[in-house]
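Novice: Have a look at this prediction, sequence included:
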Amino acid sequence: MMNASVDDAHFSADWLARRECLDARSRSRCITGLAADWLAARPGVHRLVDLGAGSGSNLRFLAPRLPGPQRWRLVDHDGELLARARRTRQLDAHGERVAVSLERRNLAPVDDALLDDADLVVASALCDLVSRSWAEGLVDGCAARGQGLLITLTVDGDWAFLDASGERVDSDEDIAVRALVQAHQRRDKGLGPALGGQAPAVLAERLEAAGYRVTSVYSPWFVPRGERATLAVAEALVAGWYAAALEQSPPEGIWLARWHAGRRAQLAAGELGLTVGHRDLFATPGTGATA
């Protein structure tokens, strides 16, 4: 969603459509409510900029849950995804039409043109893909403008298969694959070496140092075993983990292929579910932090 390399690797329109329902049910209603209350206390039009907006899923989730009037600017490098977002006609929590503009550009540099004219900066499923320097630039830029931030569905690096009782199933191979995937997540995705699972902590620490009040809430994906509606997402995740692990360590391809085939078969048979760790974060200018 940020640039060609990231989009080609992860963010096809089909994948974004598949994950949107799972994203929506996983997001923290508490965090959304805090953002709604903060905006409601501010007079006038509520201006939001959505970084890495893709096809507009963040807009579709947030707009009806936030007070109006709202004016959104959706920023993404991918013109095809923004064209899909253009078809979104959204109402705010008061039933009024939301104003939306589209901007096709890369997310670097974090400059005036990217952040200006916004009260609240939002992003979803983005910040684990960016570098520490990019994240620091974002926080510093927002702090200089007194902007709030609503950063949701940031990967924390953890994932696991689940048995019938919802308990983790961690075989030695699962643990080895997870370590390879975590290492792969820290590769450069177009904005420098990515934060991967470190992103939630790095963002919270930088925001607190900049004088923000930060609330961070666990918001994992949870796919119960045998849930047919999310099976395609689960299979795509396992395929993605396999591909990342293989790219990270090609000599281990034989056992990785065996692991992939076995876990995929267990998902399809309804023997296993899975969970993927994320965190949602809301930050406002001020002091202190909650978790």
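Specialist: Alright, I've got the coordinates.
Novice: Find the nearest non-adjacent residue to Arg225, please.
Specialist: Closest residue in space to Arg225, ignoring its immediate chain neighbours: Gly273 at 3.9 Å, by Cβ to Cβ, 6 or more residues apart in numbering. Bear in mind the C-beta positions are built from the backbone N, C-alpha and C, glycine included.
Novice: residues in contact with that neighbour?
Specialist: For Gly273, the contact set (Cβ atoms under 8 Å, 6 or more residues apart in numbering) comprises Phe161, Leu162, Asp163, Gly166, Phe222, Val223, Pro224, Arg225, Gly226, Glu227, Ala234, Leu267.
Novice: could I get stretch 253-267 in PDB with only the CA atoms?
Specialist: Below are the C-alpha coordinates for stretch 253-267, written out as PDB (Å, rounded to 0.1, in the frame of the first residue of the first chain):
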ATOM      1  CA  GLY A 253      13.000 -25.800   1.900                       C
ATOM      2  CA  ILE A 254      12.300 -29.500   2.300                       C
ATOM      3  CA  TRP A 255      11.000 -29.400   5.900                       C
ATOM      4  CA  LEU A 256       9.300 -26.100   5.300                       C
ATOM      5  CA  ALA A 257       7.300 -27.500   2.400                       C
ATOM      6  CA  ARG A 258       6.300 -30.400   4.600                       C
ATOM      7  CA  TRP A 259       5.300 -28.100   7.400                       C
ATOM      8  CA  HIS A 260       3.200 -25.900   5.000                       C
ATOM      9  CA  ALA A 261       1.400 -28.900   3.500                       C
ATOM     10  CA  GLY A 262       0.600 -30.400   6.900                       C
ATOM     11  CA  ARG A 263      -0.700 -27.200   8.500                       C
ATOM     12  CA  ARG A 264      -2.700 -26.200   5.500                       C
ATOM     13  CA  ALA A 265      -4.400 -29.600   5.400                       C
ATOM     14  CA  GLN A 266      -5.200 -29.300   9.100                       C
ATOM     15  CA  LEU A 267      -6.800 -25.900   8.600                       C
END
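Novice: For it, the averaged confidence score.
Specialist: Across stretch 253-267, pLDDT averages out at 97.
Novice: residues in contact with it?
Specialist: 161, 173-174, 177, 225, 231, 234-235, 238-239, 241-242, 245-246, 249, 272-274.
Novice: mind running it again at 7 Å?
Specialist: Phe161, Glu173, Val177, Leu231, Ala234, Glu235, Val238, Tyr242, Ala245, Leu246, Leu272 (Cβ atoms under 7 Å, 6 or more residues apart in numbering).
Novice: just the residues you listed now: which is nearest Arg19?
Specialist: Closest approach between these and Arg19, by Cβ to Cβ: Ala234, at 10.7 Å.
Novice: Go ahead and confirm the closest one touches Val223.
Specialist: Yes: proximity of Ala234 to Val223 meets the contact threshold set by Cβ atoms under 7 Å, at 4.9 Å.
Novice: For Val98, give me phi and psi.
Specialist: Val98 adopts backbone torsions of phi -90, psi 130, taken as degrees, to the nearest 10.
Novice: Okay, now the unreliable bits of the stretch 151-291 of the chain?
Specialist: Within the stretch 151-291 of the chain, the stretches with pLDDT under 70 are 287-291.
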